[in-house]
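# Sequence first, then the predicted structure, then my questions.
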Amino acid sequence: MFTCLALVGFSLLHLNLGHSRAAGKDPLRHDELLAQCVDRLEKWFALITIKSQELDLDHARIVLVGPTVHIPLKTAHDHVKAIRWRSEDVSQAISAIRFLREGKIGAVGVLPFAHDPANLYEMRTNLLDELKGCDQKEQIQAVLGQCTECNVREWLDIKP
């Protein structure tokens, strides 16, 4: 799922924002580099699974801008100290928190980066250049950073 989202996001942005200098003016080469980068991101940096029992739901908060939901973990899960996601509206945010509390959502998958690759690519069209072709895991980590408050990418263990 992460790969598909990243690839679609990168591809759409590629169409709208032009080509990276890393690929020169050749759109096929750019698309090839983009696909390789997405494959490496998925291979090297899997989503982190956080079980709903690990969440400190008593301290969940909804920031009205967005709205954005922020939930700390009871204890850190490696480097992850909290999760967050944007909701369409406050009622949807409250429902998601309720589903987590009731166990209807058993876990979440979070992106391990401080910066979402697709969003960062949108802001910085030379991201492929900065990532140096995604050849080195350390370079990707340096550019995208490591989150402590991580973005939710998928809901897991969903029960009716």
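Okay, I see it.
# Not including adjacent chain positions, what is the nearest residue to residue 116?
Nearest non-adjacent residue to residue 116, counting by Cβ to Cβ, 6 or more residues apart in numbering: residue 151, 6.2 Å away. All C-beta spots, glycine's among them, are computed from the backbone N, C-alpha and C.
# how many neighbours does residue 26 have?
Residue 26 is flanked by 11 other residues according to other Cβ atoms under 10 Å.
# so where's this structure uncertain?
Scanning the chain with the threshold set as pLDDT under 70 gives 1-25.
# quick one, longest helix in it?
helix 27-44 (DSSP state H).
# Which parts of this protein are strands?
Under the criterion DSSP state E, the chain contains strands at 48-51, 61-63, 68-77, 80-86, 105-110, 149-158.
# Please work out which of those strands is packed deepest.
Across the strands of the chain, the average number of neighbours (mean count of other Cβ atoms under 10 Å) peaks for strand 105-110, which reaches a mean of 20.
# still on that earlier bit, of all the strands of the chain, which lies closest to residue 121?
Proximity to residue 121, assessed across these by Cβ to Cβ, is greatest for strand 149-158 (15.0 Å).
# what's the angle between that closest one and strand 80-86?
80 degrees (axes from the mean of the first three to the mean of the last three Cα atoms, to 10 degrees).
# Which neighbours in the sheet does strand 149-158 have, and how are they oriented?
Strand pairing for strand 149-158, determined by DSSP bridges: strand 80-86 (parallel), strand 105-110 (antiparallel).
# picking that back up, name all residues that make contact with the residue nearest to residue 116.
Residue 151 makes contact with 83, 84, 85, 110, 111, 116 under the criterion Cβ atoms under 8 Å, 6 or more residues apart in numbering.
# sorry, back to before: what helices or strands is the longest helix of the chain leaning on?
helix 2-17, helix 127-130, helix 137-144 (3 or more Cβ pairs under 8 Å, 6 or more residues apart in numbering; DSSP states H and E).
# what's near enough to touch the residue nearest to the spatial centre of the chain?
Centroid-nearest residue in the chain: residue 111, 3.8 Å away (criterion: Cα atoms, centre = their mean). Contact partners of residue 111, counting by Cβ under 8 Å, 6+ apart, are 2, 47, 48, 147, 150, 151, 153.
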